[in-house]
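> Show me the folded form of this:
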Amino acid sequence: MHSIEFHPELKRSARLLPKQIITPLTLPLMRAAGRLMWGRDPEGPDAPEVLTLPSGVGVRLYRPVGAATPGPALLWIHGGGYVIGDAAQDDVLCGRFARELGATVVSVDYRLAPEHPYPAPVEDCYSALNWLRALPSVDPDRVAIGGASAGGGLAATLALLTRDRGEIDVAAQILVYPMIDDRTVQRAGLDNPGHRLWNQSSNRFGWRAYLGDADPNVAVPARRQDLAGLPPAWIGVGTLDLFHDEDLAYAERLRAAGVPCEVMVVDGAFHGFDGIAPKASVSQSFFASQCALLRTAYAPPAA
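I've put the predicted structure just below:
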């Protein structure tokens with residue numbers, strides 16, 4: 001029997017949210033809704049620059065105000081189960097990272113599955129990371145990567161890809177309730193009635209779309225045998241998140257491989273809680289913990 005004890009600050013939101021929003025049937029509708037929500041050009045002094053890189057990848061660039069250059073940077077990867085989403089959905093979040101950290105932030109509009117399965121999305125992220133590091137305002141030794149949900153899974157995949165290729169050093173990886181292990185879809189009894197936005201049915205569809213014909217032992221971060229040499233990690237997840245178990249298992253494996261990994265587990269929090277209730281103190285502390293790890297990663301080495 002599952003317990004459903006929502007965090008006190010999240011109870012009201014939880015009552016209003018569906019258990020899932022993504023199915024093969026709803027996918028076109030969700031994408032159309034996203035285009036309506038995020039399709040307008042940004043305006044105002046804090047609006048990001050919207051760019052298309054030579055590789056064809058779209059990015060949104062958020063510059064810190066009055067920061068010394070070259071300074072730190074963060075490549076951010078949006079969520080959406082690998083099948084929906086837009087870099088614009090995280091404009092507010094990326095702007096906060098830029099202000100809080102004095103960092104140049106780039107959010108990637110990677111190609112979506114099932115039209116573009118692995119490795120297209122992570123290659124788009126790699127291309128954007130390479131571009132970000134080369135900006136005059138960026139110190140290439142102080143570039144971190146991060147993402148939420150499927151974006152967290154892509155950030156973990158990107159960390160492995162950069163390690164394997166040996167061309168780019170990453171200062172840290174911020175994995176916010178990452179979608180990181182396709183084997184979760186095979187587990188029985190995980191459909192907790194406290195889950196919101198993403199359940200086993202959505203998970204099955206998202207992984208099938210993303211993996212296509214790829215070898216999961218290569219494409220899925222949690223299936224990778226060798227995690228040594230990866231950048232320091234931060235992993236955060238709620239107890240009412242479908243990804244709770246797989247995220248904590250990945251954190252344990254990172255630590256066993258000698259990778260520093262900070263973990264924040266939020267009791268009674270559902271998937272995406274910090275985006276749904278960003279002003280709640282539990283969401284604020286979740287964000288502050290990510291910034292704290294990034295500040296440590298960005299700090300110059302002691303003389």
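
> which parts of the helix or strand hosting residue 145 are buried?
Applying DSSP states H and E as the criterion places residue 145 in strand 138-148. Buried residues in strand 138-148, counted by 16 or more other C-beta atoms under 10 Å: 138-139, 142-148. No exception for glycine: its C-beta is placed from N, CA and C like everyone else's.

> Pipe those residues into TSV and attach pLDDT per row.
Formatted as TSV, those follow (pLDDT from 0 to 100):
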residue	pLDDT
138	97
139	96
142	97
143	98
144	98
145	98
146	98
147	98
148	98
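
> out of the residues you listed, who's nearest residue 297?
residue 144 (5.7 Å; C-beta to C-beta).

> which residues touch the closest residue to residue 222 other than its chain neighbours?
Nearest residue to residue 222, sequence neighbours excluded (C-beta to C-beta, 6 or more residues apart in numbering): residue 181, at 3.5 Å. Counting by C-beta atoms under 8 Å, 6 or more residues apart in numbering, residue 181 touches 220-223, 243, 246, 249-250.

> From those, keep the buried residues only.
Buried subset of those (neighbour count, 16+ other C-beta under 10 Å): 220-222, 243, 246, 250.

> Of those, just say which sits nearest to residue 267.
Among those, residue 243 lies closest to residue 267 (C-beta to C-beta), at 15.5 Å.

> Grab the nearest non-local neighbour of that closest one.
In this structure, residue 243 finds its nearest non-sequential neighbour in residue 177, 5.3 Å apart by C-beta to C-beta, 6+ apart.

> Return the residues in contact with the one you found.
148-149, 152, 236-238, 241, 243, 247, 271-272.

> shaky segments in the chain?
Applying pLDDT under 70 to the chain picks out residues 1-3, 45, 302-303.

> Helices of that one, start to end?
Assigned helices in the chain, in chain order: 11-16, 27-38, 91-101, 120-133, 150-165, 200-211, 216-219, 244-256, 273-276, 281-298 (criterion: DSSP state H).

> Residue 220 contacts residue 179, correct?
No. The pair residue 220 / residue 179 is not scored as a contact, 9.8 Å apart, by C-beta atoms under 8 Å.

> From start to finish, how long is stretch 110-129 in a straight line?
The first and last residues of stretch 110-129 sit 12 Å apart, counting by C-alpha to C-alpha, to the nearest Å.

> same check, this time on stretch 140-159
Termini of stretch 140-159 sit 15 Å apart (C-alpha to C-alpha).

> what about it, distance to the chain center?
Computed by C-alpha atoms, centre = their mean, to the nearest Å, the chain-centroid distance of stretch 140-159 equals 7 Å.

> count of residues packed around residue 165?
When counting by other C-beta atoms under 10 Å, one arrives at 9 neighbours for residue 165.

> ok, it to residue 61 distance?
For residue 165, the distance to residue 61 equals 24 Å [C-beta to C-beta, to the nearest Å].

> Throw the helices of the chain into a markdown table and include distance to residue 264, thanks.
A markdown table is the format used below for these (distance: least, C-beta to C-beta, whole Å):
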| stretch | distance to residue 264 |
| --- | --- |
| helix 11-16 | 19 |
| helix 27-38 | 28 |
| helix 91-101 | 16 |
| helix 120-133 | 23 |
| helix 150-165 | 13 |
| helix 200-211 | 22 |
| helix 216-219 | 27 |
| helix 244-256 | 10 |
| helix 273-276 | 11 |
| helix 281-298 | 5 |
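
> This completes my enquiry, with thanks.
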